[in-house]
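Asker: heads up, no residue letters with this:
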């Protein structure tokens, strides 16, 4: 996203920020200056046990993954940093906004991981990856880019990257990708589309998908089918999942269609504003479109079942409107909603499954990402598992909480 720049003076000061961190030479003695008085062998055993446990805690603290975040678009860089800082064991030690600065920072800081955009000024992400592999060979590289072509991803892997996340999927995939790359495993975003990867960028057994990472290889067609379902434990979890999905899509310049209950619409607005998303601008640009669940269902439901002709007419009009407003490169649309979940909650499981099938057909023929969110009741979990299995079968990926099911 090389053409974007931050306009806020406060934000512009963050571009080359370097954070102080504990030096690796810090010793256990420096952290525990108070001596332990040992009076007998029992006390000695107890003290040694306590010291061992304390030293382990100190070691765990000091073994946090040190991360350098590189992206020229300040709002998205802030999104990545805030996502990292919410996870225990991840520490953002610096930021950079151009390629040359990224190379310099990586040499100075020797981070464990670099989250790297491709469209950077001065030096592009591929060139940065090549130089970092030479100057800091122990540093692992995770690409987070708006480019969804497998050709671009292959070039990134050849340059030394271990993982690749499409920005529109960062809300769901970023932390999973970081964990995979941290462990030395390859991560491939479910948002990639295009021809299969060639052998020279595959591991000994093809792609090494991390546990909790995408279970589906990039699609063979121009547009990969991206129709995912996420099951949540409660309403708050759904709001967090949807808000991350929406935030990542808007920051990538894409248009978003949200079909949610009135309560969830209000909760999403609150979370997005709290997260610093410029929602007012997105609404003015018609890139944030909201739909009322009851009204939306009434436009295509006939005799308690979705009518395919009416459904395709309604969705085609919506998709055309959203595509016109989208500013991403390439233009994409993100859709998240709970129309089918509402039907299942009302006891109309057959209609819910048919509606998911219709959405799946739309996802196959349009360049869009679709996320369906279900907050399951205990009854649905325990007595209607067979319905959940049929719903899962209509999706390209299935998430339970933050974990993708293989």
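Answerer: Nice, I can see it. Everything numeric here is computed off the predicted structure, so don't read it as measured data.
Asker: Which residues lie in contact with residue 66 in this structure?
Answerer: For residue 66, the set of contacting residues under the criterion of Cβ atoms under 8 Å, 6 or more residues apart in numbering consists of 21, 91, 93, 109, 111, 112, 113. C-beta here means a position set from N, CA and C on the backbone, and glycine is covered the same way.
Asker: What values do phi and psi take at residue 92?
Answerer: As for residue 92, its main-chain torsions (degrees, to the nearest 10) stand at phi -80, psi 120.
Asker: was I right about it contacting residue 83?
Answerer: No - with contacts counted by Cβ atoms under 8 Å, residue 92 stays clear of residue 83, the gap being 9.8 Å.
Asker: Residue 184: neighbour count?
Answerer: 10 (other Cβ atoms under 10 Å).
Asker: so it is in which element?
Answerer: Residue 184 is part of no helix or strand when elements are defined by DSSP states H and E.
Asker: Now do it against residue 173, distance only.
Answerer: Remark: distance between residue 184 and residue 173 (Cβ to Cβ, to the nearest Å) = 18 Å.
Asker: any chance you could map the helices in the stretch 301-406 of the chain?
Answerer: Using DSSP state H, counting those that start in this stretch, the helices assigned to the stretch 301-406 of the chain run over residues 308-325, 339-345, 349-365, 378-383, 385-392.
Asker: Residue 89 against residue 113, yeah?
Answerer: No - if you go by Cβ under 8 Å, residue 89 and residue 113 don't touch, sitting 11.6 Å apart.
Asker: shared neighbours of the two, anything?
Answerer: Residues touching both residue 89 and residue 113 (Cβ under 8 Å, 6+ apart): residue 65.
Asker: neighbour-wise, which of those two wins?
Answerer: residue 113 (22 against 13).
Asker: ok, that one to residue 344 distance?
Answerer: 40 Å.
Asker: all helices in the stretch 1-150 of the chain, in order from the N-terminus.
Answerer: Assigned by DSSP H, counting those that start in this stretch, the stretch 1-150 of the chain shows helices spanning 9-12, 28-31, 41-62, 74-85, 99-109, 125-135, 150-158.
Asker: any idea of the pLDDT on residue 26?
Answerer: pLDDT recorded at residue 26 is 34.
Asker: And for residue 201?
Answerer: Note for residue 201: predicted pLDDT of 50.
Asker: likewise residue 377?
Answerer: Residue 377 is assigned a pLDDT of 89 by the prediction.
Asker: how many neighbours does the closest residue to it other than its chain neighbours have?
Answerer: With Cβ to Cβ, 6 or more residues apart in numbering as the criterion, residue 377 has its nearest non-adjacent residue at 7.6 Å, and that residue is residue 345. One way to gauge burial is a neighbour count; for residue 345, by other Cβ under 10 Å, it gives 17.
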